[in-house]
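> no FASTA, just this:
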């Protein structure tokens, strides 16, 4: 394992905007996190991780979040939220719960794979190849409920990996990679911070921190990491939480992006010194 790790959690369109705001604000303060030995991205964090490790201009991407496009994701199918809730109550074993959610996702028609791939490619702004830095993108096997980790060594197409990590059950169809079908790893954890166990210095940006039932909470993962590492957890403050929203529809609302990005940038100023101390 390496010395320093960065975890970028999921949180929809507004969570992505908040993370870009935090990353841009930290860079402005002289605290760059792109030199981590390992970066782990889940869902929206996977997209942010690609931009960060590719050396993208964070200021340009931050400016882009202040004037987002009007594209919105599809609404949840009728009854899907209820089926999700019943699954949450009936399956307390985490792996069985994820497999059941995967089954629900597989049974839901949420758009064509080619269209989704084009959408993700557009969001990545022309980046098509894995970065030289070690980036892990998380997903969950829709059939087994197992966690999957994609990186350059696994010869998985980058756009496919990001599409899988952002395939929110009910909103996006599962993504097929190597004959297996994958969904958003947020059904396991909003950040999957436990993946970086073994690193001594860890920064976690988590738009969503709470867990529920068999879905692991980020705070619990961070507490476990702190037994052997210095860890800084950055989660949205009160104003940022209002900007991000709480429901699936609010988290996917591009109109909320500018406020979320600004709140992230403002929050960066309050945590830059602490992160610099840990990052070294």
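Yes, it's here. Just so you know, these numbers come straight off a predicted model, no measurement behind them. Numbering: from 1, shown residues only.
> shaky segments in the stretch 51-200 of the chain?
Counting by pLDDT under 70, the stretch 51-200 of the chain has low-confidence residues at 68-91, 110-111.
> any chance you could map the strands in it?
With DSSP state E, counting those that start in this stretch as the criterion, the stretch 51-200 of the chain has strands at 135-141, 147-150, 175-177, 180-183.
> hey, which of those strands is tucked in deepest?
Highest mean neighbour count among the strands of the stretch 51-200 of the chain (mean count of other CB atoms under 10 Å): strand 135-141, with a mean of 28. In short, each C-beta sits where N, CA and C put it, glycine included.
> what's in contact with that strand?
Here strand 135-141 makes contact (CB atoms under 8 Å, 6 or more residues apart in numbering) with 38-42, 46, 49-50, 53, 98, 102, 146-152, 161-162, 164-165, 167, 175, 180-185, 187-188, 192, 195.
> So which of the residues you listed belong to helices?
46, 49, 50, 53, 98, 102, 161, 162, 164, 165 (DSSP state H).
> tell me the contacts of the third one?
So that's residue 50. Going by CB under 8 Å, 6+ apart, residue 50 touches 41, 124, 127, 131, 135, 137, 158, 162.
> let's go with 10 Å and repeat that
Residues near residue 50 by CB atoms under 10 Å, 6 or more residues apart in numbering: 8, 39, 41, 56, 120, 123-125, 127, 129-131, 135, 137, 158-159, 161-162.
> thinking again about what came up before, is it possible to get JSON lines of the strands of the stretch 51-200 of the chain that adds distance to residue 279?
Formatted as JSON lines, the strands of the stretch 51-200 of the chain follow (distance: least, CB to CB, whole Å):
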{"stretch": "strand 135-141", "distance to residue 279": "18"}
{"stretch": "strand 147-150", "distance to residue 279": "23"}
{"stretch": "strand 175-177", "distance to residue 279": "33"}
{"stretch": "strand 180-183", "distance to residue 279": "31"}
